[in-house]
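*Asks:* All I have is the shape, not the residue letters:
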């Protein structure tokens, strides 16, 4: 079994693997540690490999066995990360409640509100002591605004509440083997957002080591999610090819992006240009190798081409430049992973005799620290599939999030949830809702530690690595940023230096265009004041 575990501090999902070739074990049985390779002419059902991504540690899981299946044959893989290197998920130490003097934060919040109003914007803000539940300050706390990426707080909390910190994603290769051949090799997944080309390379290498030399046809099973690859509201910018707008699919490769590589040639000669995975993008045009060229003067135009892409490249690159790489989203991810697996099979020496097709087989700091939109939208569909049944849909995932808010008494009258990332104009959430989610997630004995660890640490990592530098040593500010053209948001916790007695806060400023830096400074000043009050005892 190939295992995928993640360190809850950063990134959300880190990889390790160990593969099996052969039939699946009976439920409840231990995986065999050694076994003889099946005879070359034996017909064999192949759950070739299973990848799992978990919230706390890599855990081996047995798959239901079909009749006549043989025990798994462990082939091996990269070593697992030692548990000693993991960040503890234990809840912070408890301490006596902080002695608040009065409404310490009401005045600075009112001052921020006045400034926002003068600049034509809107503010929703709330500050609350987690242990006592006392509200320490609020301005229009029930007014709903676009939360931008603070929406990921709701997504993360709902995922942890419903799926748990040890939920596993499975990505498997399966097929029927005769001798050294597999007639149809199927890549099947249940929404793991972290699958990479390196994972496919490991799978193919292990498959070759088991004795498979030929694959007649390669298929991708995308049935765990619905066929709507574009998350809600993403259609508002259809011509945006940046990776942050990538589509979502049950089997996704490298966050459903393709990468252009450009390497300089000899002076006066065309540069070398190619895409990964090979074959997915039809490339035309050329990039010149010129002495006077800037190292990144490369132009790229993309357009859909059926289930593939067409690309036109132009521009120039210096002969002394390093290899240039540019990741861009795909339009239709249906067969993207098939192209990646085809490359991996060829590298491993396995001949693919037929084509690529859809088919079926008869498995969170990326959200908090790095604000990864692809992870958020994939996990929203995972949530819908797990709670309401496959195929996973964004709408079902959003309903699960709303149900979660209702269960913890955090659902405001005008709350709107459409997507999981907060990208574009999709959601409406109040500061009160966000603070209630923060408090509920923090207090959860099962997942509170995991929720806290996935947030960015002020002055240390993620989207806060350049903010709150004065609190870097104490690591006392843990929060989620949010940024759109007219929205700046920050929600999270300020903690005592010993990690206890936190204050939850949510501040969302919308409608103040062109002053992102100034808005952030004002928000940071209020959060810094909270942290200083806690540090003073």
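*Replies:* Great, that's in hand. Given the structure is predicted, the values throughout are model-derived calculations rather than measurements.

*Asks:* Show me what secondary structure element comes after the lowest-mean-pLDDT helix or strand in the chain.
*Replies:* Here the helix or strand of the chain ranked lowest by mean pLDDT, DSSP states H and E is strand 73-76, holding a mean of 24. Using DSSP states H and E, the next helix or strand after strand 73-76 towards the C-terminus is helix 106-118.

*Asks:* Rounded mean pLDDT for that next one, please.
*Replies:* On average, the pLDDT along helix 106-118 is 94.

*Asks:* now the helix or strand that that helix is followed by, how far from the chain's geometric center?
*Replies:* Using DSSP H and E, the helix or strand that follows helix 106-118 in sequence is strand 122-129. Its chain's average C-alpha position is 27 Å from that of strand 122-129, according to C-alpha atoms, centre = their mean, to the nearest Å.

*Asks:* for stretch 200-210, same thing?
*Replies:* Using C-alpha atoms, centre = their mean, the offset of stretch 200-210 from its chain centre is 25 Å.

*Asks:* Return the set of buried residues in it.
*Replies:* 200, 201, 202, 203, 204, 205, 206, 207, 208, 210 (16 or more other C-beta atoms under 10 Å). C-betas here are computed from N, CA, C, even on glycine.

*Asks:* Switch those residues over to CSV; also include distance to residue 389, pLDDT and secondary structure.
*Replies:* Below are the buried residues of stretch 200-210 laid out as CSV (distance: C-beta to C-beta, whole Å; pLDDT from 0 to 100; DSSP: H, G, I helix; E, B strand; the rest coil):
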residue, distance to residue 389, pLDDT, secondary structure
200, 28, 93, helix
201, 33, 93, helix
202, 31, 90, helix
203, 28, 88, helix
204, 32, 92, helix
205, 35, 90, helix
206, 32, 86, helix
207, 32, 90, helix
208, 37, 91, helix
210, 34, 88, coil
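
*Asks:* mind listing what residue 525 touches?
*Replies:* residue 108 (C-beta atoms under 8 Å, 6 or more residues apart in numbering).

*Asks:* mind redoing it with 10 Å?
*Replies:* By C-beta atoms under 10 Å, 6 or more residues apart in numbering, the contact set of residue 525 is 108, 111, 112.

*Asks:* Likewise for residue 466?
*Replies:* Here residue 466 is in contact with 458, 459 (C-beta under 10 Å, 6+ apart).

*Asks:* how far does stretch 204-215 sit from the chain's center?
*Replies:* 30 Å.

*Asks:* What of stretch 278-295?
*Replies:* Using C-alpha atoms, centre = their mean, the offset of stretch 278-295 from its chain centre is 30 Å.

*Asks:* just stretch 392-409 next, same as before
*Replies:* Averaging C-alpha positions (C-alpha atoms, centre = their mean) puts stretch 392-409 19 Å from its chain's average.

*Asks:* before we move on, what about stretch 376-391?
*Replies:* 14 Å.

*Asks:* name the element the residue positioned nearest the centre of the chain belongs to?
*Replies:* Nearest to the mean C-alpha position of the chain, by C-alpha atoms, centre = their mean, lies residue 375 at 2.4 Å. In this structure, residue 375 is located in helix 373-388 according to DSSP H and E.

*Asks:* Am I right that residue 160 is in contact with residue 167?
*Replies:* Yes - between residue 160 and residue 167 a contact is recorded at 8.7 Å, counting by C-beta atoms under 10 Å.

*Asks:* If you count surrounding residues, which of those two has more?
*Replies:* It is residue 160, of residue 160 and residue 167, that has more neighbours when counted by other C-beta atoms under 10 Å, with 22 against 18.

*Asks:* And for residue 98, the neighbour number?
*Replies:* Neighbours of residue 98 (other C-beta under 10 Å): 20.
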